[in-house]
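K.L.:
here is my input; please provide its structure:
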Amino acid sequence: MADTNNTPRRDGIQVSNTGGNVTIGDHNTVTHTVHGAQPSRDPLQEELLLAIRRLRTDLGGVVASEQTAALDAELSDAEDEIEGTGRADAGRLARLRRALTDAGAVTGILASGVAVGQAVGALLGG
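P.N.:
Okay, here's the model as predicted:
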C-alpha cells in the first residue's frame with residue numbers, strides 16, 4: 001500500500017499524489033476508463049470519417065507507393081483529428097485534398113477515394 005504522508009519508506013517505494021493509475025511489479029494490469037461525452041461531429045464530418053476509414057482499408061489492397069503512403073499518413077492524421085476534436089480543420093482538409101490529388105491514379109479508381117474527395121469538397125465548399 002502506498003504511503004500517503006510523503007515519508008519515504010524503508011523498502012524504497014513511495015507513491016504519492018498520483019493523477020492516474022499506478023502499477024508496480026510483474027504481471028499487473030491497469031485499466032483506464034474515461035468518462036464523458038465524445039466531441040460532437042456534424043454529419044459532414046461524420047461522413048468524412050467513415051469515408052476515410054473505408055479508403056484506408058482499401059489502400060491496404062493496392063501496391064504501395066510514395067503517394068499512397070503519404071495519402072495514408074494524411075488520412076490517419078485526419079482520422080485522429082476528427083476523433084479527438086470532432087472535426088478536421090480547413091488546413092487538414094486542404095492537405096488531404098492535395099494528397100488525394102497526388103495519389104489520383106489509385107484514388108480515382110477506388111469508390112472510397114472518390115467518397116473522401118467528395119466529402120472534403122463539401123466541407124471546403126467546392
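K.L.:
surely Asp102 meets Gln67?
P.N.:
Yes. Contact criterion CB atoms under 8 Å: Asp102 and Gln67 qualify, at 4.9 Å. For every residue, glycine as well, the C-beta is placed using N, CA and C.
K.L.:
return the helix or strand in the chain with minimum mean pLDDT.
P.N.:
helix 104-107 (a mean of 88; mean pLDDT, DSSP states H and E).
K.L.:
after that helix, next one along is what?
P.N.:
helix 111-124 (DSSP states H and E).
K.L.:
and that following helix, what's its mean pLDDT?
P.N.:
Helix 111-124 comes out with an average pLDDT of 93.
K.L.:
likewise for stretch 81-95?
P.N.:
Confidence over stretch 81-95, taken as the mean pLDDT, stands at 94.
K.L.:
for Ser65, what are phi and psi?
P.N.:
phi -140, psi 180 (degrees, to the nearest 10).
K.L.:
how many neighbours does it have?
P.N.:
13 (other CB atoms under 10 Å).
K.L.:
looking at it now. What's its pLDDT?
P.N.:
93.
K.L.:
what of Arg56?
P.N.:
What the model reports as pLDDT for Arg56 is 96.
K.L.:
ok, now the one 3 residues further on?
P.N.:
The per-residue pLDDT reported for Leu59 equals 94.
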